Structures are given as C-alpha cells and as structure tokens.
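>>> Build me a model:
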Amino acid sequence: MAHFSTFIVNSVNEKKFSKFSAGLVASVSTPYEIIRINDARSMAEGLNRGASKANGDILIFCHDDIDFVTKEPIAKVVRDLNYYDIAGVAGTERLVSGNWYDAGQPYLQGSILAPSLVPGKFELQVFGQGRSDVFGGTKALDGVFIACRRETFEKLGGFDAETFNSWHGYDIDFTFRGYLAGAKLCVTADILLYHDSHPATFSEEKLNEYAAAQALIFNKFSNELDSEPGVRTHTNIEVSNWDEAVQRFYKSRKSFLECS
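You can find the predicted model right below:
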C-alpha cells in the first residue's frame, strides 16, 4: 500500500522554512506535502491546526530548523509504522520526569547531529544505539521529529494545546499519553537528522520555559512516571562534516559505547 505523508511545521522564519523545504527536496523521493503554520499561538496549537489541514495518512510533526543527513526518512518511517503507532528519532524507554533525557543510560534511544561549540565542527549526539534499525519499548519521544498515522493522532485527541500553551512539553505529553493508551512507540534508529540547536546556547528565559513545561508534565503524570533513573549522560562525537557524521553514526549503531 502506498502512503502519502504530510510534514507539519510551525515556522515564522522565511529563511529557516526555505532551507527546511530545500532539504526535503534533496532527501525525499516519495510523495509528500508540507503544511506550514506561520502564526501559531503555541507549538501544540499550531501543529493541531496543521494536522487539520493535512491530506496525508502519515503525519510528521517536526521543527523548522532540521535537515536530513541520512536520506529517505519517509520510507524508514513507513517501514516502522507498519509495526508501531508513533515513531521518532530520539527518546527513552523510561520516563522519570518531564524531560525524556533525565532517564539516563541505558534507557535513552537515538542520535541527533547538532552544531558544535567548536567553530566549523558538528557534534554527533549519540543517546543510545544498537544493531537494529528500530528501538521498541519507547515511552516518550523528543518533538524534533514525531511521526504517526492520522488515526493514532485523532484517537489521542492531538496535542494538548490547553495545558501546553507555550513551546515546550507538548511532545512528551503527546507521546507518553500514547504509550499509556496502549500505542506502540519506537525510535527509528537509522534516521539521522541535523538539528540547528544546542542546549548550551539556550537563554535563561528558554531554560525557564522548559522547566515550567516539565513541571506540568510531572504534575500531570506523577503516578505513571518511572523511578530509579540511570546515568544522565550521552556520547558526543566531534565531526568535521556530514559525511564523517554518517560514518560515525553507522559505527555507533554497532555499539555506541565503543564509538568514541
């Protein structure tokens, strides 16, 4: 069965959106559409509005500051959505707080390429990898990239725009609600995307916004959260270009603890 996919993105920045669109043209050969919301009142509100306009049977919610390092992300998502209900590129098989990263090792899953704090370099952030193309047992996903079938999105009532009325927390809430409702989540381990963002550069205001959203999640799900987190760390690999990132990415899939 052929699938038609819709990328849904909140974007007020013309330069970012043009770069995002060009990246899809270079990375995707299967049919898709892009729904852009340029006046979202919050991340959840904008993504919900975009979903209501989408024609695809597979919905892909993502940020506008990403580009795909590995090719054909739709094909990989379609493969995994034959067996799972919601897929992403980074997440955790435990949720101990409002931040998926707090679960620590060995519970984190996936990898992301980010700008390095060293000028002219990139940082391959390996949270958890293995030999398989997919990680199952996932409980929560990062909102940089979340894909699901339309029927799953509608069954869950979309993103909770009433509670999460800013720009954070919507992703953990949606995916963890899915897990609690019986949806099967996964991390598509063979998608590597570049996210033009690094936590070390976040402003105090942005960090405070994250903390407020994480507190909302903790209060909403306090009885369902896991206890006893692992070691809060991941592997950073400095690379000079995307070709090197891909080489190290596939090496990390064999054993991310040995990749450095």
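>>> Check what pLDDT residue 258 gets.
With respect to pLDDT, residue 258 scores 48.
>>> now the strands: where do they sit in the stretch 101-250 of the chain?
Applying DSSP state E, counting those that start in this stretch to the stretch 101-250 of the chain gives strands spanning 108-115, 122-128, 134-138, 140-141, 145-149, 185-188, 193-195, 235-239.
>>> quick one: which of the ones you listed is nearest residue 170?
strand 145-149 (9.7 Å; C-beta to C-beta). The way it works is simple: take the backbone N, C-alpha and C, and place the C-beta from them, glycine included.
>>> Note down every partner strand of that closest one and its orientation.
Here strand 145-149 is paired, per DSSP bridges, with strand 58-62 (antiparallel), strand 86-88 (antiparallel).
>>> low-scoring stretches of the stretch 51-200 of the chain, by residue?
131 (pLDDT under 70).
>>> which stretches of it form helices?
73-81, 150-155, 170-180 (DSSP state H, counting those that start in this stretch).
>>> Pick the most deeply packed of those helices.
Mean neighbour count, computed with mean count of other C-beta atoms under 10 Å, is highest for helix 170-180 among those, reaching a mean of 23.
>>> Identify the residues contacting that one?
42-44, 47, 85-86, 88, 91, 95, 98-100, 138-143, 146, 148, 152, 156, 158-161, 163-164, 185, 213-214, 216-217, 220-221, 224 (C-beta atoms under 8 Å, 6 or more residues apart in numbering).
>>> Put the buried members of these into a PyMOL selection.
Here is the PyMOL command that selects the buried residues among the contacts of helix 170-180 (16 or more other C-beta atoms under 10 Å):
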select buried, resi 42+43+44+47+85+86+88+91+95+98+99+100+138+139+140+141+142+143+146+148+152+156+158+159+160+161+164+185+213+214+216+217+220+221
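>>> partners of residue 60 in the sheet?
residue 7, residue 147.
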